[in-house]
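**Student:** no sequence for this one, just the structure:
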């Protein structure tokens with residue numbers, strides 16, 4: 001039994017945490033963790049174990065804060081599988097950048113950087129970086145990174161039948177010995193002990209491939225409800241690209257991917273009665289399992305699985321005030337990468353979604369790299385280099401837009417680290433294209449496309465229905481800016497709400 005003097009570290013009021021854990025409220029999953037002093041473990045808000053007495057618990061913002069207090073993760077609710085939460089990070093931009101770089105693998109793997117190199121990338125000293133982490137998380141950057149590796153490895157042990165070697169590599173451990181050492185130190189168990197407790201010691205997934213077959217890595221990705229998968233699935237379906245995407249009647253979505261040079265195919269499908277998705281990942285190269293954590297983080301971002309919809313939907317009051325219906329749980333449906341999002345925006349200029357999708361299909365079929373997985377042909381979205389050199393004669397659209405595609409491909413090929421804001425220097429790339437790329441390619445939450453024609457028409461229609469007609473462009477601009485300010489920092493969700501509904505024809509879409 002741990003000392004009752006263990007200090008809690010939680011931004012949420014204890015009374016709220018108590019109500020959430022007693023009701024096993026999935027909306028709080030990942031927002032806080034419950035430390036149980038009598039057993040020495042910490043749990044998610046949804047833990048199915050009998051609820052401990054309030055006097056025996058302490059609440060923490062993060063899993064690592066609970067671990068620093070001497071607590072171990074619960075083997076029943078598996079805190080390693082909880083949705084991520086950004087609320088505890090606060091507004092410190094440098095800390096957020098550091099956490100993102102660590103999550104993307106800067107301090108792990110064969111080519112791991114040092115804490116000093118991480119600080120140098122951030123433009124600060126190692127000492128100041130350590131102070132930021134200790135102040136916000138009560139730990140050092142290195143220990144934070146190591147705990148992220150441990151939690152991902154634990155998730156793979158629970159959810160997959162990958163070999164111990166594959167799990168160690170996927171989690172960024174450079175040796176099985178180090179992998180075992182960290183488990184014993186942190187969890188008082190070996191990886192083998194943990195797997196045997198969950199009856200996962202049967203035949204392991206062999207990622208070795210033949211020319212004909214690839215075996216998937218199967219995982220579950222949790223989220224906080226609500227999540228309106230029906231509308232997201234429909235959004236992908238209308239814009240589906242043959243051989244690059246599959247939007248299936250069973251509710252699943254499949255597509256090819258190339259994330260930071262790692263290629264493959266994934267499928268994602270919502271669980272029938274749990275707030276989580278079942279994901280299968282097929283890697284073309286078995287050695288790429290070292291990047292599995294980065295791929296999982298990319299998928300979480302692509303489908304906006306870490307959003308807190310309770311907070312976000314409070315910012316949709318401008319729509320509600322106009323009498324609009326809010327589609328609860330509608331999130332940002334991302335793309336494979338930010339370059340793809342920009343190309344989709346260029347192809348969609350001044351044409352319908354149907355016409356833009358036809359152009360997109362033509363682009364991918366002619367310039368996307370083809371590969372085979374288990375007897376099915378897939379294509380990747382064309383690379384910047386391929387677009388830069390393409391004639392684009394197959395595309396039935398104005399020459400200026402073809403030149404814009406070529407120019408963007410050339411720019412991104414020459415400057416792969418460039419941002420969408422940098423692309424404004426490219427002829428034919430304007431603010432709308434950049435904003436669309438940021439919203440769907442980078443999953444940025446605060447992009448309200450006030451200049452989008454559909455957004456403008458629907459805002460005007462809503463005001464007309466509310467007997468508050470917008471009579472000039474100047475008035476529209478003022479109203480749109482006001483709405484944007486009220487919706488900040490969640491403007492992207494307002495954009496998708498307006499795209500998803502037509503106030504004059506509510507059953508049309």
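**Tutor:** Perfect, thanks for sending it. Just so we're clear, the structure is a prediction, and the values are computed from it rather than from any experiment.
**Student:** what residue ranges in the stretch 401-509 of the chain are flagged as low confidence?
**Tutor:** Confidence mapping of the stretch 401-509 of the chain against pLDDT under 70 gives the ranges 502-509.
**Student:** Can you list phi and psi of residue 451 for me?
**Tutor:** phi -90, psi 0 (degrees, to the nearest 10).
**Student:** Tell me how many other residues crowd it.
**Tutor:** For residue 451, the count of nearby residues is 13 (other Cβ atoms under 10 Å). For every residue, glycine as well, the C-beta is placed using N, CA and C.
**Student:** quick one: contacts for it?
**Tutor:** By Cβ atoms under 8 Å, 6 or more residues apart in numbering, the residues touching residue 451 are 431, 432.
**Student:** Hmm, residue 364 and residue 395 touching each other?
**Tutor:** No. Using Cβ atoms under 8 Å, residue 395 makes no contact with residue 364, being 11.4 Å away.
**Student:** Neighbour count: these two, which is higher?
**Tutor:** Neighbours per residue (other Cβ under 10 Å) separate residue 395 from residue 364, with residue 364 holding more: 23 against 19.
**Student:** Am I right that that one sits in a strand?
**Tutor:** No. Counting by DSSP: H, G, I helix; E, B strand; the rest coil, one finds residue 364 to be helix, located in no strand.
**Student:** Count the residues that sit near residue 139.
**Tutor:** Neighbours around residue 139, by other Cβ under 10 Å: 19.
**Student:** Three-state assignment for it, please.
**Tutor:** coil.
**Student:** Show me what secondary structure element comes after the host helix or strand of residue 461.
**Tutor:** Taking DSSP states H and E as the criterion, residue 461 maps to helix 453-465. For helix 453-465, the following helix or strand on the C-terminal side (DSSP H and E) is helix 473-487.
**Student:** packing partners for that next one?
**Tutor:** Helices and strands touching helix 473-487, as assessed by 3 or more Cβ pairs under 8 Å, 6 or more residues apart in numbering; DSSP states H and E, comprise helix 317-321, helix 453-465, helix 491-500.
**Student:** out of everything not next to it in sequence, what's closest to the most centrally placed residue in the chain?
**Tutor:** Central residue of the chain (Cα atoms, centre = their mean): residue 301, 1.2 Å from the mean position. Nearest in space to residue 301, with sequence neighbours left out and distances taken as Cβ to Cβ, 6 or more residues apart in numbering, is residue 443 at 4.8 Å.
**Student:** you'd agree the one you found is up against residue 334?
**Tutor:** Yes. Counting by Cβ under 8 Å, residue 443 touches residue 334, with 5.2 Å between them.
**Student:** shared neighbours of these two, anything?
**Tutor:** Joint contacts of residue 443 and residue 334 (Cβ under 8 Å, 6+ apart) are 301, 302, 304.
**Student:** Now intersect the residues you listed with the helices, please.
**Tutor:** Taking DSSP state H as the definition of helices, those contribute 301, 302.
**Student:** Can you give me the buried ones in the helix holding residue 461?
**Tutor:** For helix 453-465, the neighbour count (16 or more other Cβ atoms under 10 Å) marks 455, 456, 458, 459, 460, 461, 462, 463 as buried.
**Student:** what's the answer for stretch 307-319, then?
**Tutor:** The neighbour-count check on stretch 307-319 (16+ other Cβ under 10 Å) flags 307, 308, 309, 312, 313, 315, 316, 318, 319 as buried.
**Student:** May I see those arranged in CSV, with pLDDT as well?
**Tutor:** Shown next, in CSV, are the buried residues of stretch 307-319 (pLDDT from 0 to 100):
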residue, pLDDT
307, 93
308, 92
309, 93
312, 92
313, 90
315, 86
316, 90
318, 86
319, 87
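**Student:** Of these, which is the nearest to residue 189?
**Tutor:** residue 308 (32.2 Å; Cβ to Cβ).
**Student:** what's around the nearest residue to that closest one once chain neighbours are set aside, how many residues?
**Tutor:** Leaving out its chain neighbours, the residue that sits closest to residue 308 by Cβ to Cβ, 6+ apart is residue 224, at 6.3 Å. Residues lying near residue 224 (other Cβ under 10 Å) number 25.
**Student:** measure residue 224 to residue 25 for me?
**Tutor:** Per Cβ to Cβ, to the nearest Å, residue 224 is found 9 Å from residue 25.
**Student:** try residue 270
**Tutor:** Taking Cβ to Cβ, one finds residue 270 at 19 Å from residue 25.
**Student:** Name the spans of the stretch 151-300 of the chain whose pLDDT lies under the cut-off.
**Tutor:** 198-212.
**Student:** so where do the strands sit in it?
**Tutor:** Using DSSP state E, counting those that start in this stretch, the strands of the stretch 151-300 of the chain run over residues 217-222, 245-247, 253-259, 262-270, 276-283.
**Student:** Rebuild those as CSV, extending it with mean neighbour count and distance to residue 152.
**Tutor:** What follows is the strands of the stretch 151-300 of the chain, written out as CSV (neighbours: other Cβ atoms under 10 Å; distance: least, Cβ to Cβ, whole Å):
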stretch, mean neighbour count, distance to residue 152
strand 217-222, 20, 10
strand 245-247, 19, 27
strand 253-259, 21, 16
strand 262-270, 20, 16
strand 276-283, 20, 14
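**Student:** between these, which one is nearest to residue 125?
**Tutor:** The nearest among those, by Cβ to Cβ, is strand 253-259 at 31.8 Å.
**Student:** Paired strands for that closest one, with orientation please.
**Tutor:** Here strand 253-259 has these sheet partners by DSSP bridges: strand 245-247 (antiparallel), strand 262-270 (antiparallel).
**Student:** Now render the ones you listed as a markdown table, adding distance to residue 146.
**Tutor:** Putting the strands paired with strand 253-259 into a markdown table (distance: least, Cβ to Cβ, whole Å) gives the following:
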| stretch | distance to residue 146 |
| --- | --- |
| strand 245-247 | 37 |
| strand 262-270 | 23 |
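**Student:** Compare those strands and report which one is nearest to residue 156.
**Tutor:** strand 262-270 (15.9 Å).
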